[in-house]
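Engineer: Here's a sequence, model it:
(2 chains)
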There are 2 protein chains.
Amino acid sequence: MTQRDVQRERTRTAIVRTAATMFDERGYLGTSIRDIAGALDLTVGAIFFHFKAKETLGREIVTGYYVRWNALVERARTRPGGRVEAMMWLSGRVAQAYVDDVEVRAAVRLVRDRSLSIETVPTPYLGWISITAEFLTQARAAGEVAPDLDVDLVAYQLVCTWFGNQHITGDLGALPTLPDRLKDMWRVFLPVFGGPTPIDIDRAFAA
Amino acid sequence: MTQRDVQRERTRTAIVRTAATMFDERGYLGTSIRDIAGALDLTVGAIFFHFKAKETLGREIVTGYYVRWNALVERARTRPGGRVEAMMWLSGRVAQAYVDDVEVRAAVRLVRDRSLSIETVPTPYLGWISITAEFLTQARAAGEVAPDLDVDLVAYQLVCTWFGNQHITGDLGALPTLPDRLKDMWRVFLPVFGGPTPIDIDRAFAA
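Structural biologist: Coordinates of the predicted model:
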């Protein structure tokens, strides 16, 4: 890479980060290319050199999020040990990424607000629900949860609870406590699962 | 009321309804006074005759929602019978209002998106959580739920689940099924409550 390439790459990264910060705070409609340029002391033209539209910028953030989410799901899938612990571990990692990374929060908000065109992002929540159902089905087959657990019903409600924690905890200005609130979520759901063996939530999160 | 007053009142109502429809679909930032006027075949000036700013219109919708919510909470408080059933009844009524009335959906979205200035609306979710905790505390005192139930933890998680159902069910285009999804929510939480007597969810919703 030439010096110039390095500089371009650096500018590109700064644009994505600044856009994410603004999308997270004010939403997609509340942010203009002009705002992003202004915050970076760049011209509007300089932004358009890297991204041909605000939609392209939003798409990059959401796509990056799905890549990360899929990688974490894959790691959870291939983890040894119980499937319930694997789900807990996944929720902890996703929550920590949400707390730590403004690009993750921006992506979640873009998806939640349906800011991008339908072609850009898959229908939200369906993948999340089906992965949760997949883990619960395997947990049921392995005897980790009650044999008559209604997996689809519980997966749907678990995702609603998870999503609600993410939104409400953030909105109440308590974002750093999100992993703790998700531990509370698991405290609620463990008796619902009705598994035969106690599960250590803190250990699953720390793993 | 003169003929003219009646006409004014009718126009005012139509403005609120149209604004609510647009806020619900496109959000506050995605809706302009010009859009609302256009949809009603009115001039922008005619809208401003009734509402001095978009914020005033948003405030009217959110205030109307809180009046309705508080009235339902009061009815739930004064209902005879179990406190868990009273909570279920409340959730069913709120869900049905959300399904049936675009002004309720618009208000929820304005609150969720933090569209209005902080002075206009109370901090969202706190009232909802504290009312849920109030019902659970009374249920615990009456022996309807386990004596060691962690009321604050469960109230927080219940509100997260309720909020998540509202958002996700709507977003998946399945809004009319919201009352059924909330019945599922109660199916999840009843074993968590650990009460000594089975509770008929359908009956509580139908009451």
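Engineer: what's the burial count for A:Gln96?
Structural biologist: 16 (other CB atoms under 10 Å in any protein chain shown). C-betas here are computed from N, CA, C, even on glycine.
Engineer: Over to the one 3 residues further on?
Structural biologist: Using other CB under 10 Å as the criterion, A:Val99 is surrounded by 17 other residues.
Engineer: now A:Glu119
Structural biologist: 7.
Engineer: Also A:Leu126?
Structural biologist: There are 12 residues near A:Leu126, going by other CB under 10 Å.
Engineer: Ok, the one 3 residues further on next?
Structural biologist: The number of residues packed near A:Ile129 is 18, by other CB under 10 Å.
Engineer: close enough to count as contact, it and A:Cys160?
Structural biologist: No - checked against CB atoms under 8 Å, the pair A:Ile129 and A:Cys160 is beyond contact range at 9.1 Å.
Engineer: and the host helix or strand of A:Ala155 with helix B:151-171, angle?
Structural biologist: Taking DSSP states H and E as the definition, one finds A:Ala155 inside helix A:151-171. Calculated by axes from the mean of the first three to the mean of the last three CA atoms, to 10 degrees, helix A:151-171 forms an angle of 110 degrees with helix B:151-171.
Engineer: Quickly check: helix A:151-171 near chain B or not.
Structural biologist: Yes - Helix A:151-171 reaches chain B (CB under 8 Å from any CB of the partner chain) through A:153-154, A:156-157, A:159-165, A:167-168, A:171.
Engineer: after that helix, next one along is what?
Structural biologist: Under the assignment DSSP H and E, the closest C-terminal helix or strand after helix A:151-171 is helix A:178-193.
Engineer: low pLDDT regions in chain A?
Structural biologist: Scanning chain A for pLDDT under 70 picks out A:118, A:120.
Engineer: how about the residues of it near chain B?
Structural biologist: A:27, A:29-30, A:112-114, A:123-126, A:150, A:153-154, A:156-157, A:159-165, A:167-168, A:171-172, A:181, A:184-185, A:187-189, A:191-192, A:194.
Engineer: Of those, select the buried ones using a ChimeraX command.
Structural biologist: To isolate the buried members of these in ChimeraX, using 16 or more other CB atoms under 10 Å in any protein chain shown:
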select /A:27,29,30,112,113,124,125,150,153,154,156,157,159,160,161,162,163,164,165,167,168,171,172,181,184,185,188,189,192
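Engineer: list the contacts for A:Ala76?
Structural biologist: Residues in contact with A:Ala76 (CB atoms under 8 Å, 6 or more residues apart in numbering or on different chains) are A:Ala86, A:Met87, A:Trp89, A:Leu90, A:Phe135.
Engineer: hmm, which of those are the buried ones?
Structural biologist: A:Ala86, A:Met87, A:Trp89, A:Leu90, A:Phe135.
Engineer: wait, which of those residues is closest to chain B?
Structural biologist: A:Met87 (15.5 Å; CB to the nearest CB).
Engineer: Just the element for the closest one, please.
Structural biologist: Judged by DSSP H and E, A:Met87 forms part of helix A:83-100.
Engineer: what helices or strands is that helix leaning on?
Structural biologist: helix A:54-78, helix A:102-112, helix A:126-141, helix A:151-171, helix A:178-193, helix A:201-206 (3 or more CB pairs under 8 Å, 6 or more residues apart in numbering or on different chains; DSSP states H and E).
Engineer: so which of the ones you listed comes closest to B:Val73?
Structural biologist: The minimum distance between B:Val73 and these falls on helix A:151-171, with 18.5 Å, by CB to CB.
Engineer: Packing partners of that closest one?
Structural biologist: Against helix A:151-171 (3+ CB pairs under 8 Å, 6+ apart) you get helix A:83-100, helix A:102-112, helix A:126-141, helix A:178-193, helix B:151-171, helix B:178-193.
Engineer: Pull it out as PDB, backbone CA atoms only.
Structural biologist: In PDB, the C-alpha atoms belonging to helix A:151-171 read as follows (Å, rounded to 0.1, in the frame of the first residue of the first chain):
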ATOM      1  CA  VAL A 151     -39.000 -24.800  21.900                       C
ATOM      2  CA  ASP A 152     -40.600 -22.400  19.400                       C
ATOM      3  CA  LEU A 153     -42.700 -20.600  22.000                       C
ATOM      4  CA  VAL A 154     -39.700 -20.200  24.400                       C
ATOM      5  CA  ALA A 155     -37.300 -19.100  21.600                       C
ATOM      6  CA  TYR A 156     -39.600 -16.400  20.500                       C
ATOM      7  CA  GLN A 157     -40.100 -15.100  24.100                       C
ATOM      8  CA  LEU A 158     -36.400 -15.400  24.800                       C
ATOM      9  CA  VAL A 159     -35.500 -13.200  21.800                       C
ATOM     10  CA  CYS A 160     -38.200 -10.700  22.800                       C
ATOM     11  CA  THR A 161     -36.700 -10.500  26.300                       C
ATOM     12  CA  TRP A 162     -33.100 -10.200  25.000                       C
ATOM     13  CA  PHE A 163     -34.100  -7.500  22.600                       C
ATOM     14  CA  GLY A 164     -36.100  -5.700  25.300                       C
ATOM     15  CA  ASN A 165     -33.100  -5.700  27.700                       C
ATOM     16  CA  GLN A 166     -30.900  -4.300  25.000                       C
ATOM     17  CA  HIS A 167     -33.200  -1.500  24.200                       C
ATOM     18  CA  ILE A 168     -34.500  -0.600  27.700                       C
ATOM     19  CA  THR A 169     -31.200  -0.900  29.500                       C
ATOM     20  CA  GLY A 170     -29.600   1.400  26.900                       C
ATOM     21  CA  ASP A 171     -32.500   3.800  27.000                       C
END
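Engineer: how far does that helix sit from the chain's center?
Structural biologist: Mean-position distance between helix A:151-171 and its chain equals 12 Å (CA atoms, centre = their mean, to the nearest Å).
Engineer: Now for A:Thr78: which residues touch it?
Structural biologist: By CB under 8 Å, 6+ apart, the contact list for A:Thr78 is empty.
Engineer: now do A:Ala95
Structural biologist: Taking CB under 8 Å, 6+ apart as the test, what A:Ala95 contacts is A:Gln166, A:Leu178, A:Pro179, A:Leu182.
Engineer: Output these as a markdown table; include the columns neighbour count.
Structural biologist: Converted to a markdown table, those look like this (neighbours: other CB atoms under 10 Å in any protein chain shown):
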| residue | neighbour count |
| --- | --- |
| A:Gln166 | 23 |
| A:Leu178 | 21 |
| A:Pro179 | 18 |
| A:Leu182 | 25 |
